[in-house]
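*Asks:* Predicted model, plus sequence, below.
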Amino acid sequence: MILEFLYPLVKYFTPFNVFQYLTFRGAYAAMTSLFICFVFGPRIIEALRRLKVGQSIRGDGPASHLSKGGTPTMGGVLIILSVLAATLLWQDLDNFRVWLTLGAFAGFGLVGFIDDYLKVKRHNSDGISVRAKLAGQFIVALAITLILYFRGEEGMSLLYIPFFKNPVVDMGALWIPFAVLLLVGESNAVNLTDGLDGLASGLMLLMFIALAILCYLSGRADFSSYLGIPYIKGAGELTVFCLAMVGACIGFLWFNTHPAEVFMGDVGSLSLGGVAATLSLILKKEILILIIGGVFVLEAASVIVQVASYKLRKKRVFRMAPLHHHFELSGWAESKVVIRFWLLGGLFAIIALSTLKIQ
């Protein structure tokens with residue numbers, strides 16, 4: 001919005017030229033979303049307390065989590081509102097990819113909001129049914145995928161794999177179910193990880209820093225050519241969105257660190273995971289996102305292994321799934337689990353970015 005209003009005035013006031021630079025607008029988008037979180041965070045948390053929007057704790061979870069019952073949840077609304085405000089303020093609103101990304105962000109957030117609302121209304125940890133929740137995610141994911149596929153973007157069905165300069169295969173129409181599964185899988189993986197104070201928000205902070213770098217590089221013809229990665233026209237503008245997400249994650253983490261004053265809820269975890277996967281589709285980094293979000297992959301895999309092992313062998317592999325609960329029950333303090341998982345998330349992000357040059 002600021003770009004549309006102020007940049008045309010550059011002929012009268014040359015300092016307005018700074019608004020054309022992605023790095024400038026991205027930095028101030030991050031500061032804007034961070035500022036909004038700091039200013040409105042305490043008010044939203046207090047409003048959630050007054051409305052008795054408290055977290056219901058699963059009876060089969062770790063006993064140490066029982067004290068978290070009643071902590072305000074649905075704090076992901078703060079992330080969504082701050083990012084939307086910052087994006088609309090600093091983004092180029094003529095960019096189709098910006099609106100698609102915002103649509104994915106809001107769509108997955110809506111599914112999570114409905115789930116959180118029913119949990120609060122029923123005063124237990126059961127929201128909408130698993131089938132209904134997955135159906136909502138699949139509808140949003142399918143809409144995003146079909147828009148990307150049928151809009152006629154060149155090379156959309158090509159699959160790129162880290163360490164390979166050229167696409168390994170043209171998936172054709174099979175790219176559609178592949179992309180849908182990636183979107184649903186990533187959103188659920190973040191949802192599963194959101195079980196300890198600050199864990200998911202800290203990991204998403206690292207992920208969006210990596211995605212901001214990828215957006216900037218992919219949107220520059222010179223950089224993408226040098227690195228041998230696909231050049232995505234207009235993708236650089238998504239750098240602003242990613243940095244707004246970074247600012248929002250920092251702001252939310254301020255209130256979400258142990259002991260948490262607020263939880264993001266499904267409205268936060270589903271929207272963050274879904275929009276990260278959407279960005280990976282736009283950037284043609286469908287496989288690389290699995291490395292960047294390696295901790296989320298491990299968390300989801302631990303649940304799959306645990307369930308499969310119990311059904312087939314009547315034995316559990318982990319003390320409890322997802323993986324972070326296993327380490328909690330092994331004697332690690334909650335803060336130790338969170339910080340070590342953050343470190344692992346940072347390592348995965350560095351490894352992912354290093355592959356850009358090793359191909």
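*Replies:* Happy to help now that I have it.
*Asks:* wait, isn't residue 27 in contact with residue 246?
*Replies:* No - counting by Cβ atoms under 8 Å, residue 27 stays clear of residue 246, with 10.0 Å between them. Any C-beta I mention is one placed from the backbone N, CA and C, and that applies to glycine too.
*Asks:* More neighbours: those two, which one.
*Replies:* When neighbours are counted by other Cβ atoms under 10 Å, residue 27 and residue 246 differ, and residue 246 comes out ahead with 25 against 16.
*Asks:* Following the strand or helix carrying that one in sequence, what is the next regular element?
*Replies:* Taking DSSP states H and E as the definition, residue 246 sits inside helix 238-256. Per DSSP H and E, helix 238-256 leads on to helix 265-283 as the next helix or strand towards the C-terminus.
*Asks:* From the contact counts, what lies against the helix or strand just after that next one?
*Replies:* As assigned by DSSP H and E, the chain's next helix or strand after helix 265-283 is helix 288-292. If contacts are counted by 3 or more Cβ pairs under 8 Å, 6 or more residues apart in numbering; DSSP states H and E, helix 288-292 sits against helix 199-218, helix 265-283, helix 334-354.
*Asks:* how about a markdown table for those, with mean neighbour count and mean pLDDT added?
*Replies:* As requested, these are exported to a markdown table (neighbours: other Cβ atoms under 10 Å; pLDDT from 0 to 100):
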| stretch | mean neighbour count | mean pLDDT |
| --- | --- | --- |
| helix 199-218 | 26 | 97 |
| helix 265-283 | 28 | 96 |
| helix 334-354 | 17 | 96 |
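*Asks:* Residue 104: which of those helices is closest?
*Replies:* When these are compared by Cβ to Cβ, helix 265-283 sits nearest residue 104, at 4.0 Å.
*Asks:* Sketch out the strands for this structure, chain order is fine.
*Replies:* Taking DSSP state E, the strands of the chain run over residues 158-159, 169-170.
*Asks:* out of those strands, which comes closest to residue 190?
*Replies:* Among the strands of the chain, the nearest to residue 190 by Cβ to Cβ is strand 158-159 (22.8 Å).
*Asks:* Partner strands of that closest one and their direction?
*Replies:* strand 169-170 (antiparallel) (DSSP bridges).
*Asks:* What lies in contact with the strand it pairs with?
*Replies:* Residues outside strand 169-170 that contact it (Cβ atoms under 8 Å, 6 or more residues apart in numbering): 157, 158, 159.
*Asks:* Once you drop chain neighbours, what's closest to the residue nearest to the spatial centre of the chain?
*Replies:* The centroid of the chain falls nearest to residue 272 when counting by Cα atoms, centre = their mean (2.8 Å). Spatially, and ignoring its direct neighbours in sequence, residue 272 is nearest to residue 204 (5.0 Å; Cβ to Cβ, 6 or more residues apart in numbering).
*Asks:* Next: residue 164.
*Replies:* Counting by Cβ to Cβ, 6+ apart, the residue nearest residue 164 is residue 359, at 6.0 Å.
*Asks:* Give me the pLDDT for that neighbour.
*Replies:* On pLDDT, residue 359 comes in at 71.
*Asks:* What degree of burial does it show, as a neighbour count?
*Replies:* Neighbour count for residue 359, taken as other Cβ under 10 Å: 14.
*Asks:* Also residue 121?
*Replies:* Counted by other Cβ under 10 Å, the residues lying close to residue 121 total 10.
*Asks:* Ok, residue 131 next?
*Replies:* Residue 131 has 8 nearby residues by other Cβ under 10 Å.
*Asks:* Low-confidence regions, the stretch 51-200 of the chain specifically.
*Replies:* In the predicted model, the stretch 51-200 of the chain carries pLDDT under 70 at residues 56-68, 124-125, 152.
*Asks:* picking that back up, ok, the residue nearest to residue 272 touching residue 245?
*Replies:* Yes - applying Cβ under 8 Å as the test, residue 204 and residue 245 come out as touching, 7.5 Å apart.
*Asks:* Can you work out which residues contact both of those two?
*Replies:* Contact criterion Cβ under 8 Å, 6+ apart; residues shared by residue 204 and residue 245: residue 272.
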